[in-house]
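Participant: generate a structure from the sequence data that follows.
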Amino acid sequence: MQDQAIIISDTKGIIRVWSEGAANLFGFTEKEAVGQKLDIVVPSHLRDHHWKGFHGAMGSGVAGGEGQFFDIPGLHKTGEVKALRVQLHLLRDERKAPFGAMAIFTGQQ
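Facilitator: Got it, this is the predicted structure:
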């Protein structure tokens, strides 16, 4: 699992789980990342777009492209923006209401 970065956030976009692979890929330790907003891995010029989609998915329970891999830029601790492959999933309760989101990054393209 060191080769896959797994990040889980709550419905507010606060990081709750940060895998060893996420530390390797993004440069932040688990201690540095957990409790922070997802902004630490989203390039600043994409944050408005990211939050619009994130809050829309949390409100509707629908995320476009969920379960499919696609390319996305990711922000490293150094400030470098990297081209990454990611798969997104909404985490849902038994009523299918979202209670968080999970991103699985497979590394650079």
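
Participant: so the spatially most distant residue from the centre of the chain: helix, strand or coil?
Facilitator: Of all residues in the chain, Arg95 has its C-alpha farthest from the mean position, at 23.1 Å, by CA atoms, centre = their mean. Three-state assignment for Arg95 (DSSP: H, G, I helix; E, B strand; the rest coil): coil.

Participant: so what touches the biggest helix by length in the chain?
Facilitator: Criterion DSSP state H: the longest helix present in the chain is helix 47-60. Here helix 47-60 makes contact (CB atoms under 8 Å, 6 or more residues apart in numbering) with Thr11, Gly13, Leu38, Asp39, Val42, Ala63, Gly64, Leu90, Pro98, Ala101. Just so you know, the C-beta spots here come from the backbone N, C-alpha and C atoms, and that holds for glycine as well.

Participant: could I get that helix in PDB with only the CA atoms?
Facilitator: In PDB, the C-alpha atoms belonging to helix 47-60 read as follows (Å, rounded to 0.1, in the frame of the first residue of the first chain):
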ATOM      1  CA  ARG A  47      -9.500  25.200  -5.300                       C
ATOM      2  CA  ASP A  48     -12.700  27.000  -6.300                       C
ATOM      3  CA  HIS A  49     -13.500  24.400  -8.900                       C
ATOM      4  CA  HIS A  50     -12.600  21.600  -6.400                       C
ATOM      5  CA  TRP A  51     -14.800  22.900  -3.600                       C
ATOM      6  CA  LYS A  52     -17.700  23.500  -5.900                       C
ATOM      7  CA  GLY A  53     -17.600  19.800  -7.100                       C
ATOM      8  CA  PHE A  54     -16.800  18.500  -3.600                       C
ATOM      9  CA  HIS A  55     -19.700  20.300  -1.900                       C
ATOM     10  CA  GLY A  56     -22.000  19.500  -4.800                       C
ATOM     11  CA  ALA A  57     -21.200  15.800  -4.400                       C
ATOM     12  CA  MET A  58     -21.600  15.900  -0.600                       C
ATOM     13  CA  GLY A  59     -25.000  17.500  -1.000                       C
ATOM     14  CA  SER A  60     -26.300  15.300  -3.800                       C
END
